[in-house]
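Peer 1: Next input, structure requested:
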Amino acid sequence: MRFVAILLAVLFAAAAHAEQERPTNVTVQEYLAVQQDIRAGFEQGKPRRLNRSEWRRFDEAQARLRALLEGVEHTDELKMDRRLALFNIQEEIEALLRGNEDDRLICRSERPTGSNIGQRRCRTVAEMREYREAAQEAVRRLPQTLRTGEGRQ
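Peer 2: Residues are numbered from 1 along each chain as shown. Next up, the predicted model:
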């Protein structure tokens, strides 16, 4: 249970990173220790058992996390794009802890049309899927000539 409490503290710090410019100072050593605690918990089936696919995703997420933090002593040294990547990896690991992928947040830095100023946009996996499905349905409803470009000169 200790690792879940530590994880939540780190996740809240990362959420603050994604939402604010002021970072919470966490050493990479502390952060990686929490990741080891999470792994140990999963190996014991806590808070739940992972299937093979989930183990693969967990291992890949932790590898990306270690690579992201390589050469850094504190998380506040990360540039904003790397903080967003860290947040997204943490969200992936938290979704594995909860066993609920649909509620996982994915954040991206996007530039609105006509602007060079990036904005952070966060959506859940479920929201992204609904948006994608609605867009696909809208394309399906278009007349065939508009979809294929037939009849153009």
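
Peer 1: In three-state terms, how would residue 106 be classified?
Peer 2: Secondary structure for residue 106, judged by DSSP: H, G, I helix; E, B strand; the rest coil, is strand.

Peer 1: Which residue, other than its chain neighbours, is closest to it?
Peer 2: When the adjacent residues along the chain are set aside, residue 106 lies closest to residue 88, with 5.7 Å between them (Cβ to Cβ, 6 or more residues apart in numbering). To be clear about C-beta, it is placed using only N, CA and C from the backbone, and glycine gets the same treatment.

Peer 1: For that neighbour, give me its contacts.
Peer 2: For residue 88, the contacting residues are 105, 106, 107, by Cβ atoms under 8 Å, 6 or more residues apart in numbering.

Peer 1: and the strand or helix carrying it, C-alpha only, in PDB?
Peer 2: The secondary structure element spanning residue 88 is helix 80-98 (assigned by DSSP states H and E). Extracted as PDB, the C-alpha positions of helix 80-98 are listed here (Å, rounded to 0.1, in the frame of the first residue of the first chain):
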ATOM      1  CA  MET A  80       7.900  21.300 -20.800                       C
ATOM      2  CA  ASP A  81       7.700  18.800 -23.700                       C
ATOM      3  CA  ARG A  82       9.500  16.200 -21.600                       C
ATOM      4  CA  ARG A  83       7.300  17.000 -18.600                       C
ATOM      5  CA  LEU A  84       4.300  16.300 -20.800                       C
ATOM      6  CA  ALA A  85       5.900  13.000 -21.900                       C
ATOM      7  CA  LEU A  86       6.500  12.100 -18.300                       C
ATOM      8  CA  PHE A  87       2.900  12.900 -17.400                       C
ATOM      9  CA  ASN A  88       1.600  10.700 -20.200                       C
ATOM     10  CA  ILE A  89       3.800   7.800 -19.200                       C
ATOM     11  CA  GLN A  90       2.700   8.200 -15.600                       C
ATOM     12  CA  GLU A  91      -0.900   8.200 -16.800                       C
ATOM     13  CA  GLU A  92      -0.300   5.000 -18.700                       C
ATOM     14  CA  ILE A  93       1.100   3.300 -15.500                       C
ATOM     15  CA  GLU A  94      -1.700   4.700 -13.400                       C
ATOM     16  CA  ALA A  95      -4.200   3.200 -15.900                       C
ATOM     17  CA  LEU A  96      -2.500  -0.100 -15.400                       C
ATOM     18  CA  LEU A  97      -2.800   0.200 -11.700                       C
ATOM     19  CA  ARG A  98      -6.500   1.000 -11.900                       C
END
